[in-house]
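In: Turn this into a model:
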Amino acid sequence: MSSQLGVDRPVGDGHFAAREAGVPLRHPDRFFIDGRWVAPLSASSFAIVDPATEELYYTVSLAGEADMSHAIAAARTAFDRTGWSLLEPAERAEWVHKLAEGLRRRADDAGLLWTRQVGVLHTMASAAMARVGATYDFYADLAADFEWQVRHSPMQGGFGVVVREAVGVVGAIVAWNTPASLIAYKVAPALVAGCTVVVKAPPEAPGEAYVLAEVAEEIGLPAGVLNVVTADRDASELLVTDPRVDKIAFTGSSAVGKRIASICGSRMARYTLELGGKSPAIIFDDYDLDAAAKSLAAAECTLNGQVCASLTRVIVGRDRHDEFAEALAGYFTAARIGDPFDSSAQIGPLAMERQRERVESYIQKGLAEGARLVGGGGRPKDFDRGFYIEPTVFAGVDNQSTIAQEEIFGPVLSVIPADSEQHAIELANQTVFGLNASVFTNDIDRAYHAARRIRSGTVGHNGFRSDPRMGVGGFKQSGFGREGNRDGLLPYLEPKSVILDEIPAGYGPLN
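Out: From the prediction side, this is the model:
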């Protein structure tokens, strides 16, 4: 089998030189609150370790309860006592466009931080960070066409209009694997809607949030509209429980999402949750096994397997199961493991030591529960440092086993045999998750009908496919609500029915 996975990357193109750059942040020891960089009221800090070298990269201050309260107060004041939420949507959109431009200028810095913090291949990080600004532009552009007000004719006569107004103060809590994009799909629609925001950056990867804060400072974004703090679990829970916060937008594990939902439900706060997954890929009997194996192996290398939407449960007909498992193992285990700054690498380290230990524990559970290891399963022999794990494939996996039901968040794939097409779809749906899925078949009608039967927020065709501009979110324990597209703006707005005796003076479509 080829070790290229269909991707050729040039060697010696300057990515290694980026490792020598310093930390491109001005104030990792401070928080961005009320338009200023303020010293923490807590003495706590967090050491960020480069996952490829196991060396200290930098240290960031951690917010305590007083720091978090300060950030919430700034956002509350900015919403209640300034004119931010009363600006015309087009005016707020201008600010969001400015953020987009600033982020494009800082794309190299954000890409460097992403790689050094969590081990993402620098080739991917550089390209992805250049596109983050487009999310801000998308929501800023949406402001011009969105129906902020819809006129009605009340049953009792007079003048009626449904207006959509900002929900209020938003707490945005993001995971460490892709923080820049996760922040974008929360902050951009929130600001366009007229909300103010407290971004809670993950301690493992706070840098991208700090870059956003530095851009906000540079463009003169009104004080308190955007606040950025880094916090661990205790201070983060204060953001969820504080009655001054009207909505929580969270991306992370389903376990934490359930906790957030219960807290928000107890005080009737709004929330959107983008949570975990255990996503199936079904390979029907008309599709080429080698092509499917190559596609799935390449996709699982993305973010070194640390993707909530990864297609980690591969369901294939029992009569073709062994042939496919060997083909998948051949491609996946041949992926070039390497330093994330090496342009020839196809998969890098896991983000941190505890993550590698988690993945290793799941590999042991797979073996203990009777799955057959056909590739990988250990630490690569040629790496004496770094949080590396071999790309791993299990065959003959019971769909009710631990490795088939729980999110591993690492490069571990399970091949599951099915007795028929109907059985394959049943297996795909036998999970508490429903984030992503894919159907491999040459028959487009067969693909469509199967997609309609799979309980998942996204279903792709012949590969890992996702389009945030169509919306991203999950069924069941994979989340609540959607991010991306017009649907991603709605959770930051509250509809209000206004019924008057007659048309007010100066009424217009945006007044």
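
In: in the helix or strand hosting Val211, what's buried?
Out: Here Val211 is covered by helix 207-219, with elements defined by DSSP states H and E. Going by neighbour count (16 or more other CB atoms under 10 Å), the buried part of helix 207-219 is Gly207, Glu208, Ala209, Tyr210, Val211, Leu212, Ala213, Glu214, Val215, Ala216, Glu217. The way it works is simple: take the backbone N, C-alpha and C, and place the C-beta from them, glycine included.

In: any chance of those in JSON lines, plus pLDDT?
Out: Shown next, in JSON lines, are the buried residues of helix 207-219 (pLDDT from 0 to 100):
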{"residue": "Gly207", "pLDDT": "98"}
{"residue": "Glu208", "pLDDT": "98"}
{"residue": "Ala209", "pLDDT": "98"}
{"residue": "Tyr210", "pLDDT": "98"}
{"residue": "Val211", "pLDDT": "98"}
{"residue": "Leu212", "pLDDT": "98"}
{"residue": "Ala213", "pLDDT": "98"}
{"residue": "Glu214", "pLDDT": "98"}
{"residue": "Val215", "pLDDT": "98"}
{"residue": "Ala216", "pLDDT": "98"}
{"residue": "Glu217", "pLDDT": "98"}
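
In: possible to save those as JSON lines with distance to Ser85?
Out: Listed next are the buried residues of helix 207-219 as JSON lines, based on distance: CB to CB, whole Å:
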{"residue": "Gly207", "distance to Ser85": "29"}
{"residue": "Glu208", "distance to Ser85": "26"}
{"residue": "Ala209", "distance to Ser85": "23"}
{"residue": "Tyr210", "distance to Ser85": "25"}
{"residue": "Val211", "distance to Ser85": "26"}
{"residue": "Leu212", "distance to Ser85": "20"}
{"residue": "Ala213", "distance to Ser85": "21"}
{"residue": "Glu214", "distance to Ser85": "24"}
{"residue": "Val215", "distance to Ser85": "21"}
{"residue": "Ala216", "distance to Ser85": "17"}
{"residue": "Glu217", "distance to Ser85": "21"}
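
In: and of the residues you listed, the nearest to Gln400?
Out: Using CB to CB, Glu208 comes nearest to Gln400 of the buried residues of helix 207-219, at 38.2 Å.

In: What separation do you get for the closest one and Thr123?
Out: 18 Å (CB to CB, to the nearest Å).

In: Pass me the low-pLDDT residue ranges in this protein, would you?
Out: For the chain, applying pLDDT under 70 flags the ranges 1-16, 509-511.

In: give the contact list for the closest residue to Arg486 other than its chain neighbours.
Out: If you skip the residues right next to it in sequence, Arg486 has Leu142 as its closest partner in space, 6.6 Å away by CB to CB, 6 or more residues apart in numbering. Residues in contact with Leu142 (CB atoms under 8 Å, 6 or more residues apart in numbering) are Val192, Arg486, Leu489.

In: Among these, name the ones in helices.
Out: Val192 (DSSP state H).

In: contacts for whatever helix or strand Ala404 lives in?
Out: In this assignment (DSSP H and E), Ala404 forms part of helix 402-405. By CB under 8 Å, 6+ apart, the list of residues contacting helix 402-405 from outside reads 278, 313, 362, 365-366, 369, 371, 394, 397-399, 412, 414, 416, 431-432.

In: about what we covered before: downstream of the helix or strand hosting the residue nearest to Arg486, the next helix or strand is which one?
Out: Using DSSP H and E, Leu142 maps to helix 122-145. Downstream of helix 122-145, the next assigned helix or strand under DSSP H and E is strand 149-152.

In: which element follows that following strand toward the C-terminus?
Out: According to DSSP H and E, the helix or strand after strand 149-152 is strand 159-166.

In: Next, the buried residues of that next one.
Out: Going by 16+ other CB under 10 Å, strand 159-166 has these buried residues: Phe159, Gly160, Val161, Val163, Arg164, Glu165, Ala166.

In: ok so, going back, Serialize the contacts of Leu142 to CSV and add fields for neighbour count.
Out: CSV is the format used below for the contacts of Leu142 (neighbours: other CB atoms under 10 Å):
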residue, neighbour count
Val192, 26
Arg486, 15
Leu489, 21
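
In: which of the contacts of Leu142 lies closest to Ala437?
Out: Arg486 (23.2 Å).

In: Pretty sure the closest one sits against Ala143.
Out: No - under the criterion of CB atoms under 8 Å, Arg486 is not in contact with Ala143, lying 11.2 Å apart.

In: what do those two both touch?
Out: Common neighbours of Arg486 and Ala143 (CB under 8 Å, 6+ apart) do not exist.

In: Please identify which of the buried residues of helix 207-219 is nearest to Trp95.
Out: For the buried residues of helix 207-219, the nearest to Trp95 is Ala216 (9.0 Å; CB to CB).

In: Nice, that's everything, thank you.
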